[in-house]
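> Quick one, structure for this:
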Amino acid sequence: MSYLEGGFSLETNGTLKNLIRLYKDTPQDWSALNSAYFQSADETGVMPVSKDNLPAALATFQLNRLIKDASQTTPDLIHQPIPNGFTTEHFQFRREDLGKNIIHDMSGPYTAVDSISMCDDLLAVWAIKTGASTPRHVQDFSMNQPFVRKLATPIAEYIRETSNTHFRTNRFAYILVLSEDLLKKHTQDLIVFKNNGGIVVPFGASATAHRERIIALQSRER
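Alright, predicted model coming up:
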């Protein structure tokens, strides 16, 4: 049995590799990101997330900001190429919380990813799992083949149905940015994921360390 259904495969390319390298090499000023997050929320009229969910929201915000900034100087990189509200036969793609993509099916929310980018001719899907909003996220996250196939279903349908001919219709990239906790917890599943073309990027902190630094930041800036 193939890792993904419908003849799809997970791949990468030079543009995506450069973007991942930029993400890994860019130092984060979480205080500046915190200020930028709340400023963007105010300017766009988006309701900021609760304090419990802020650590994960800032990680998502930082990723989208980095990709958006990089796309300004990289002609073959497009940030969020799927239009907000785009509907396929079975799914709708919506952007919420200043960047996160919520994918709905006919019954409601189906899955979520933190960012989508077009790297040359390759659609790249990003998911950050810090486990930092609440401790249960570390236990609830499941990195296995059914999890990846669930995500792949709406992405594959979008690629098949798009009329934009520069998409190759049998591949995309899936990048998981994981906290130290999740890297250790899901070692075997991640080996299978990477052997089948998936990309794993360390977040650079444990769930507890990230959560505590954001809580401390909020206390200082209160």
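> For the chain, give me the ranges with low pLDDT.
By pLDDT under 70, the low-scoring segments of the chain are 1, 97, 132-143, 163-169, 221-222.
> those helices in it, which residues are they?
With DSSP state H as the criterion, the chain has helices at 14-25, 30-44, 54-71, 136-140, 145-161, 180-185, 187-195, 207-221.
> Please state the offset of the fifth one from the chain centre?
Between the mean C-alpha location of helix 145-161 and the chain-wide mean there is a distance of 14 Å, by Cα atoms, centre = their mean, to the nearest Å.
> Pull out the buried residues from it.
147, 148, 151, 152, 153, 154, 155, 156, 158, 159 (16 or more other Cβ atoms under 10 Å). C-beta: built from backbone N, CA, C; applies to glycine.
> The third one against residue 113, yeah?
Put plainly, it is residue 151. Yes. At 6.9 Å, residue 151 and residue 113 qualify as touching, with contact defined as Cβ atoms under 8 Å.
> hey, what's in contact with both of those two?
Shared contacts of residue 151 and residue 113, defined by Cβ atoms under 8 Å, 6 or more residues apart in numbering, are found at 125, 127.
> burial count for the residue nearest to residue 84 when sequence neighbours are not counted?
Computed as Cβ to Cβ, 6 or more residues apart in numbering, the closest residue to residue 84 that is not its neighbour in sequence is residue 95, at 4.7 Å. Residue 95: 17 surrounding residues under other Cβ atoms under 10 Å.
> Spit out the contact partners of residue 95.
Residues in contact with residue 95 (Cβ under 8 Å, 6+ apart) are 80, 84, 101, 102.
> What of residue 178?
By Cβ under 8 Å, 6+ apart, the contact set of residue 178 is 128, 129, 143, 186, 190, 200, 201, 202, 203.
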